[in-house]
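[1] Task: produce atomic coordinates for the following.
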Amino acid sequence: MNFKWQRFQHFQPLTYLQHSLGALSILSLLILAPVFSCASQNDDPIPAFDEKNAYAHLVRQCDFGPRNPGSMGHLKCRDYLVATLKKYTDKVDIQPFPMFIPGSKKPVEAFNLIARFNPKKTGRILLCAHWDTRPWADKDSDPTKRNTPILGANDGASGVAVLLELARLFHAHPPPLGVDIVLFDGEDAGESGESQGWIQGSEYFAKSLKPADHPLFAILLDMIGDKDLQIYKESYSWEYARDIVKTVWDKAAELGIEQFKDNVRYAVLDDHLPLLRMGIPCIDLIDFDYPYWHTIQDTPDKCSAASLGLVGKVLVHVIYTQK
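    So this is what the prediction gives:
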């Protein structure tokens, strides 16, 4: 059984989302008309995603050490991420929020990072990933290391790395729609088997988002750097944002990228759920089967530039064929 499904198997998709959808019924969310098209807007060539640049961003994040909130590595990495995004857009906001860590009496300060591209465009999409890392290696095979913060090369840095390279492309080749990149903090501090403590940054962001600022759709990246990349359709994504899933998987098939598997597997409590609860169609691109998850072995050598490149290529082709 998969690690994250073990973590959240007591959640039922319908019950969890119905709790906060209010007047927007589950049925209406499921039958949302497609809000985007895959027809090319113009004859401009689709820019190439540079996997080496993305991998360099992954390594650079890990150079700061563990990035768990409250650590020095966390603050240094925050500054690096903000500085990198500001190279490509002057619309970068830092959204601080109090984050609660199990067993701690006082909250620590955490930060969502928000970058906007084509800010005058009203039709917008949202791309997101979490940038924090696990405060303890509770799944490590060595019990003496289970209180050690993890480096999080795949679980955190990989999704962020792809988004930073996309930011460079958006600057050099403005996409046909407005794009917001959000790097969530506070995703990974929950206790195994418990519902509290996880996805705190995305919860805060979603609750702070005004209805007028809701994107047409959103795509979350989480753990997409594994050398043995296999991305299955995530259950919540398939149930509540099926049109987006179909568009992404169809594009992967069109490009001949076989690492996007045509099966639905597992339901994951991840940063896409707060957005879904707000009525925003959001899917989670995640490689469920990563043997180094929440261990000190989650290091850059377990990740692949080629895997980052495959995910980046699919996203580039999805985004630049919108109209």
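[2] helix or strand for N263, which one?
    strand 260-264 (DSSP states H and E).
[3] Restrict that strand to CA atoms and write it as PDB.
    The C-alpha coordinates for strand 260-264 follow below in PDB (Å, rounded to 0.1, in the frame of the first residue of the first chain):
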ATOM      1  CA  PHE A 260       2.200   9.400 -17.400                       C
ATOM      2  CA  LYS A 261       0.300   6.200 -16.700                       C
ATOM      3  CA  ASP A 262      -3.300   5.800 -17.700                       C
ATOM      4  CA  ASN A 263      -4.600   4.400 -14.400                       C
ATOM      5  CA  VAL A 264      -6.200   6.000 -11.400                       C
END
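[4] switch to numbering from 19
    Done: numbering now begins at 19, and the last item shifts to strand 278-282.
[5] Neighbouring strands - and their directions - for it?
    strand 249-251 (parallel) (DSSP bridges).
[6] downstream neighbour of the strand it pairs with in the secondary structure list?
    helix 253-258.
[7] what does the average pLDDT come to for that next one?
    Mean pLDDT, computed over helix 253-258, is 97.
[8] What helices and strands are in contact with it?
    On a contact count with 3 or more C-beta pairs under 8 Å, 6 or more residues apart in numbering; DSSP states H and E, helix 253-258 meets helix 31-39, helix 44-48, helix 260-272, helix 290-295, strand 300-304. The way it works is simple: take the backbone N, C-alpha and C, and place the C-beta from them, glycine included.
[9] roughly how far is the fourth one from the heart of the chain?
    Yep, that's helix 290-295 we're talking about. 12 Å (C-alpha atoms, centre = their mean, to the nearest Å).
[10] And the pLDDT for T313?
    Taking T313 on its own, its pLDDT is 97.
[11] List the residues that contact the nearest residue to it once chain neighbours are set aside.
    Nearest residue to T313, sequence neighbours excluded (C-beta to C-beta, 6 or more residues apart in numbering): D158, at 4.2 Å. By C-beta atoms under 8 Å, 6 or more residues apart in numbering, the contact list for D158 reads R164, T166, H312, T313, I314, Q315.
[12] 7 Å instead, please
    R164, T313, I314 (C-beta atoms under 7 Å, 6 or more residues apart in numbering).
[13] Repeat that for A207.
    Per C-beta under 7 Å, 6+ apart, neighbours of A207: M117, I119, P153, G215.
[14] how about the strands in the stretch 69-218 of the chain?
    Using DSSP state E, counting those that start in this stretch, the strands of the stretch 69-218 of the chain run over 110-117, 126-135, 142-148, 196-202.
[15] what residues does the helix or strand that the last one is followed by touch?
    In other words, strand 196-202. Beyond strand 196-202 on the C-terminal side, the first helix or strand identified by DSSP H and E is helix 218-226. Helix 218-226 is touched from outside by 113, 115, 117, 128, 130, 148, 200, 202-205, 289, 292-293, 295-296, with contacts defined as C-beta under 7 Å, 6+ apart.
[16] and helix 218-226 with strand 126-135, angle?
    If you take axes from the mean of the first three to the mean of the last three C-alpha atoms, to 10 degrees, helix 218-226 sits at 60 degrees to strand 126-135.
[17] Pull out the buried residues from the contacts of D158.
    Among the contacts of D158, those buried by neighbour count (16 or more other C-beta atoms under 10 Å) are T313, I314.
[18] so of the contacts of D158, which ones are in helices?
    Taking DSSP state H, every one of the contacts of D158 sits outside helices.
[19] would TSV of the contacts of D158 with distance to S226 be doable?
    Shown next, in TSV, are the contacts of D158 (distance: C-beta to C-beta, whole Å):
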residue	distance to S226
R164	34
T313	33
I314	34
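[20] Specify which member of the contacts of D158 is nearest to F306.
    Nearest to F306 out of the contacts of D158 is T313 (C-beta to C-beta; 15.8 Å).
[21] wait, the closest one sits on D156?
    No: with contact defined as C-beta atoms under 7 Å, T313 does not count as touching D156 (8.7 Å).
[22] Need the residues touching each of those two.
    Common neighbours of T313 and D156 (C-beta under 7 Å, 6+ apart) do not exist.
[23] Tell me who's in contact with the spatially closest residue to H335 that is not a sequence neighbour.
    Residue nearest to H335 in three dimensions, not counting chain neighbours: K269, with 5.2 Å by C-beta to C-beta, 6+ apart. Contact analysis of K269 by C-beta under 7 Å, 6+ apart lists V332, H335, V336.
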